[in-house]
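Enquirer: Compute the structure for the input listed below.
(2 chains)
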2 protein chains.
Amino acid sequence: MIIVKVGGSLGIDYDAVCDDIAGLWKAGQKLILIHGGSAETNRIAELLGHPPKFVTSPSGYTSRFTDRETLEIFEMVYCGKQNKGIVERLQTRGVNAVGLSGLDGRIFEGKHKDSVRVVENGKTKVLRGDHTGTVEQVNTHLLELLLQNGYLPVLTPPGSSFEGVAVNVDGDRAAAAVAVAMRADALLLLSNVPGLLRDYPDESSLIANIPAAQVEDYLEFAKDRMKKKVLGAAEAVQGGVKRVIFGDARVTSPVTQAIKGRGTVVS
Amino acid sequence: MIIVKVGGSLGIDYDAVCDDIAGLWKAGQKLILIHGGSAETNRIAELLGHPPKFVTSPSGYTSRFTDRETLEIFEMVYCGKQNKGIVERLQTRGVNAVGLSGLDGRIFEGKHKDSVRVVENGKTKVLRGDHTGTVEQVNTHLLELLLQNGYLPVLTPPGSSFEGVAVNVDGDRAAAAVAVAMRADALLLLSNVPGLLRDYPDESSLIANIPAAQVEDYLEFAKDRMKKKVLGAAEAVQGGVKRVIFGDARVTSPVTQAIKGRGTVVS
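Expert: Numbering: from 1, shown residues only, chains lettered A, B, ... in the order given. So this is what the prediction gives:
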């Protein structure tokens, strides 16, 4: 079993990803696909007159501030356009894909954080009305049910709070939680960079290998969205996943290449 | 087993619908919910600068012309905002709902009609590039799997063509196809009118009963979107569904009231 997370940044070739996944699936590889939709959400939010708001936590992590209106735009893009676009690509390639959010069947379940501490102009303050959360529990029952019956699950945020409220959860960390809960052999985190770079954005400074025990030491090299990937990788290996690979989603056969070790391998 | 279809027109109280469904589900009533999203799709399409286009067929049926861009907006609203909004309402009421489009697992499968004959200014012409289709096959396997495991399926268009391409299918007729395939006891078609009116929009002219064998004779009273409901009802009763009820989704306990026969009962 492998868990493949494909980001939602610009430059990602979803057709190449789905070509590759269809080939692997038909060859008998059990897998679950998790995707993002960040860039398109920003574009649609601008068009709808409710531009995205990003906040930075005191420890330096950047995340989307998700008020109710943003949550609904987020659902439109992640669960509507992106999820169904990927399911359609897989269906036209002969794979019986089933697209679900983490809210459906409470696949991603955890705590709802209504308020967030942010740093603005050097000052720390608290913002309320945030629809964000963490994934503490994965509904493996529903995922197993689908896999055992020949359906490829295509998952996306949001998740569900313990009370059933939709919460924006980080896709990379959700993928790590799924990998741990499903006892996956590998977690592939594919995005629009070749892997973790020692000297971002110099792509020749790729870090090829990270020993599992030292993954948190590499947080210092991670910029912006890569931080959550490194954090997700740490959570996955601590949870028993043997290999986590940060791979490039912009190449041909991106999933197969990542399985073969192209990118940054945490093991 | 009952199949409940709730329209996407203005005035529908989804909280009341979900309160009622949660009560019925917890009391042991097996059901599948199917919903629309038409009014919200029109609003979002206008905001995104791609206003909806409706066409009328030579036989007088009105439908949305669904080019690729419209299809994606349609997916955003139906599969994203509306579907996840309903799943969230059910989850917060303690029902483990799973939201799916007809594309997922090919729940609604049928022919893709790329071109449509339309009447414009009294002239018949052919428009190409339409992503529309019919439901000829229902994946009862996936629906049974979910129901048997305690999940309430919340379904929405689009469906899948036999080639796996997303196609806009009529929600009422899709609900009729599900009711027939699942051998449902009843199909409830709830919208923002009290039922079929002999003299639209005079709500006191409600037709209380229609004998199943004569349902097509009542097409003459159906205006606009009600035509598809009457057609769906005819398909359902011809397929063995014993009762079809056109009910009002704007009242308290709209599902229970329809089951009790409030509205227009075809039987």
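Enquirer: hey, let's count contacts and neighbours off CA atoms from now on
Expert: Noted.
Enquirer: now the helices for the stretch 151-267 of chain A?
Expert: Ranges of helices within the stretch 151-267 of chain A are A:171-181, A:226-238, A:254-259, based on DSSP state H, counting those that start in this stretch.
Enquirer: Apologies, that question was intended for the stretch 1-150 of chain A.
Expert: For the stretch 1-150 of chain A, the helices defined by DSSP H, counting those that start in this stretch occupy A:14-26, A:38-47, A:68-75, A:83-92, A:140-148.
Enquirer: Of all the residues in the shortest one, which ones are buried?
Expert: Meaning helix A:68-75. Neighbour-count burial for helix A:68-75 flags A:Thr70, A:Leu71, A:Glu72, A:Ile73, A:Phe74, A:Glu75 (criterion: 16 or more other Cα atoms under 10 Å in any protein chain shown).
Enquirer: cool, stretch A:201-213 as well?
Expert: A:Leu206, A:Ile207, A:Ala208, A:Ile210, A:Ala212.
Enquirer: Out of the residues you listed, which two sit at the greatest distance?
Expert: Maximum pairwise distance among the buried residues of stretch A:201-213 (Cα to Cα): 17.0 Å, between A:Leu206 and A:Ala212.
Enquirer: The closest residue to A:Asn139 other than its chain neighbours and B:Ala97: what is the separation?
Expert: Spatial nearest neighbour of A:Asn139, excluding adjacent residues (Cα to Cα, 6 or more residues apart in numbering or on different chains): A:Ile107 at 4.4 Å. A:Ile107 sits 11 Å away from B:Ala97, going by Cα to Cα, to the nearest Å.
Enquirer: residue ranges with poor pLDDT in chain A?
Expert: For chain A, not a single residue meets the criterion pLDDT under 70.
Enquirer: So which residues on it come close to chain B?
Expert: A:47-48, A:72-73, A:75-81, A:84, A:87-89, A:91-94, A:96-100, A:103-106, A:151, A:163-166 (Cα under 8 Å from any Cα of the partner chain).
Enquirer: Now restrict those to buried residues only.
Expert: With burial judged by 16+ other Cα under 10 Å, the buried subset of the residues of chain A next to chain B is A:72-73, A:75-81, A:84, A:87-89, A:91-93, A:96-100, A:103-106, A:151, A:164-166.
Enquirer: pretty sure the residue nearest to A:Asn139 is in contact with A:Pro158, am I right?
Expert: No. Applying Cα atoms under 8 Å as the test, A:Ile107 and A:Pro158 come out as separate, 9.8 Å apart.
Enquirer: Give the intersection of the neighbour lists for the two.
Expert: Each of A:Ser101 lies in contact with both A:Ile107 and A:Pro158 under the rule Cα atoms under 8 Å, 6 or more residues apart in numbering or on different chains.
Enquirer: Touching, A:Thr134 and A:Asp170? I think so.
Expert: Yes. At 7.5 Å, A:Thr134 and A:Asp170 qualify as touching, with contact defined as Cα under 8 Å.
Enquirer: so who does whichever residue of the stretch 151-267 of chain A sits closest to chain B touch?
Expert: Residue of the stretch 151-267 of chain A nearest chain B, by Cα to the nearest Cα: A:Gly164 (4.4 Å). Neighbouring residues of A:Gly164 by Cα under 8 Å, 6+ apart: A:Leu103, A:Arg106, B:Glu88, B:Arg89, B:Gln91, B:Thr92, B:Arg93, B:Gly94.
Enquirer: returning to what we had before: go through the buried residues of stretch A:201-213 and name the one nearest A:Asp248.
Expert: For the buried residues of stretch A:201-213, the residue nearest A:Asp248 by Cα to Cα is A:Leu206; the value is 11.4 Å.
Enquirer: Name the nearest residue to that closest one, ignoring sequence neighbours.
Expert: Among residues not flanking A:Leu206 along the chain, A:Leu197 sits closest, at 4.4 Å (Cα to Cα, 6+ apart).
Enquirer: quick one: contacts for that neighbour?
Expert: By Cα under 8 Å, 6+ apart, the residues touching A:Leu197 are A:Glu203, A:Ser204, A:Ser205, A:Leu206, A:Ile207, A:Phe221, A:Ala222.
Enquirer: and what of A:Leu188?
Expert: By Cα under 8 Å, 6+ apart, A:Leu188 lies in contact with A:Ile2, A:Ile3, A:Val4, A:Lys5, A:Val244, A:Ile245, A:Phe246, A:Gly247, A:Val255, A:Ala258, A:Ile259.
Enquirer: just A:Glu120 next, same as before
Expert: For A:Glu120, the contact set (Cα under 8 Å, 6+ apart) comprises A:Val55, A:Thr56.
Enquirer: Quickly list what it is bridged to.
Expert: Using DSSP bridges, the bridge partners assigned to A:Glu120 are A:Lys123.
Enquirer: ok, so what distance separates it from A:Arg128?
Expert: 15 Å.
Enquirer: One more: A:Gly122?
Expert: A:Gly122 is 19 Å from A:Arg128, by Cα to Cα.
Enquirer: Settle it for me: which of the two has more neighbours?
Expert: Shown here are A:Gly122 and A:Arg128; by other Cα atoms under 10 Å in any protein chain shown, A:Arg128 has more neighbours (13 against 8).
Enquirer: which residues touch the closest residue in space to the more buried one that isn't next to it in sequence?
Expert: Take A:Arg128 and drop its neighbours on the chain: the residue closest to it by Cα to Cα, 6+ apart is A:Ser115, 4.2 Å away. Applying Cα under 8 Å, 6+ apart to A:Ser115 gives the contacts A:Val126, A:Leu127, A:Arg128, A:Gly129, A:Asp130.
Enquirer: got it, and A:Met182?
Expert: Here A:Met182 is in contact with A:Met1, A:Thr140 (Cα under 8 Å, 6+ apart).
Enquirer: Now it. Its backbone dihedrals?
Expert: Main-chain dihedrals, A:Met182, degrees, to the nearest 10: phi -90, psi 0.
Enquirer: Would you mind telling me which of A:Ile107 and A:Pro158 has the busier surroundings?
Expert: The neighbour count for A:Ile107 versus A:Pro158, taken as other Cα under 10 Å, is higher for A:Pro158 (32 against 27).
Enquirer: neighbours of the nearest residue to that one once chain neighbours are set aside, just the number please.
Expert: Excluding the flanking residues, the one nearest A:Pro158 by Cα to Cα, 6+ apart is A:Asn168, at 4.6 Å. Residues near A:Asn168, counting by other Cα under 10 Å, number 30.
Enquirer: mind listing what A:Asn168 touches?
Expert: Counting by Cα under 8 Å, 6+ apart, A:Asn168 has contacts A:Thr66, A:Leu71, A:His131, A:Thr132, A:Gly133, A:Pro157, A:Pro158, A:Gly159.
Enquirer: again, but for A:Leu190
Expert: Residues in contact with A:Leu190 (Cα under 8 Å, 6+ apart) are A:Val4, A:Lys5, A:Val6, A:Gly7, A:Phe246, A:Gly247, A:Asp248, A:Ala249, A:Pro254, A:Val255.
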